[in-house]
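Enquirer: Below is the sequence, then the predicted model.
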Amino acid sequence: MTDPTGTEALLARARSTYTPIDARTAAAEIASGDALLVDIRPEAQRREHGEVAASCRPLVVERNVLEWRFDPAGEARLPEAGADVRVIVLCQQGYASSLAAEALVRVGVPRATDVAGGFDAWVDAGLPVQGRPAQEDVEDSEDSEDSVA
């Protein structure tokens, strides 16, 4: 019998390699200094929806270079990167970050995880943000790369 296909199966396989966490748990780990929050959303998405507040020390690493920046043995790794680092990946809705967290686990960052529900869940939890447009100005972003119809 073959493995199931499709995006739901892909996400299920990815999420089976780590344990996603909720936004409040992520914020607590970040505040305690036990974790690094990595926002993988493209600049346009951060500009449109806002960002995690600077007080949370988010690190912006767009998705297309994530593995190279966090490979513990890679020449292009960031100074913050390492096999023992707790990396919490954040995207807009928790889909792209699931695949990214899995990739980090596979590249040698076994404590990587993501925020279930992404930045939307962060906002819904009332956690600190900046640059967020007024609520009435925010439209549903069906063309967002993290949106799922």
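Expert: Looks like it arrived, so ask away.

Enquirer: can you map out the strands along the chain?
Expert: Along the chain, counting by DSSP state E, strands occupy 36-39, 51-52, 59-60, 87-90, 113-114, 129-130.

Enquirer: Enumerate every residue touching residue 105.
Expert: For residue 105, the contacting residues are 17, 18, 112, by Cβ atoms under 8 Å, 6 or more residues apart in numbering. Glycine gets a C-beta too; all of them are placed from N, C-alpha and C.

Enquirer: Burial check on residue 86, number of neighbours?
Expert: 17 (other Cβ atoms under 10 Å).

Enquirer: Please report how far the spatially closest residue to it that is not a sequence neighbour lies from residue 26.
Expert: Spatially, and ignoring its direct neighbours in sequence, residue 86 is nearest to residue 35 (4.0 Å; Cβ to Cβ, 6 or more residues apart in numbering). Going from residue 35 to residue 26 by Cβ to Cβ, to the nearest Å gives 7 Å.

Enquirer: pLDDT on the longest helix along the chain, on average?
Expert: In terms of residue count, the longest helix belonging to the chain (DSSP state H) is helix 96-107. Over the span of helix 96-107, the pLDDT mean works out to 97.

Enquirer: Buried residues, that helix. List them.
Expert: Under the neighbour-count criterion of 16 or more other Cβ atoms under 10 Å, helix 96-107 has 96, 97, 98, 99, 100, 101, 102, 103, 104, 105, 107 buried.

Enquirer: re earlier: with distance to residue 72 added, can I get the contacts of residue 105 in TSV?
Expert: Converted to TSV, those look like this (distance: Cβ to Cβ, whole Å):
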residue	distance to residue 72
17	17
18	16
112	11
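
Enquirer: residue contacts, the residue positioned nearest the centre of the chain?
Expert: Central residue of the chain (Cα atoms, centre = their mean): residue 90, 1.9 Å from the mean position. Going by Cβ under 8 Å, 6+ apart, residue 90 touches 26, 37-41, 52, 58, 97, 114-115, 118-119, 122.
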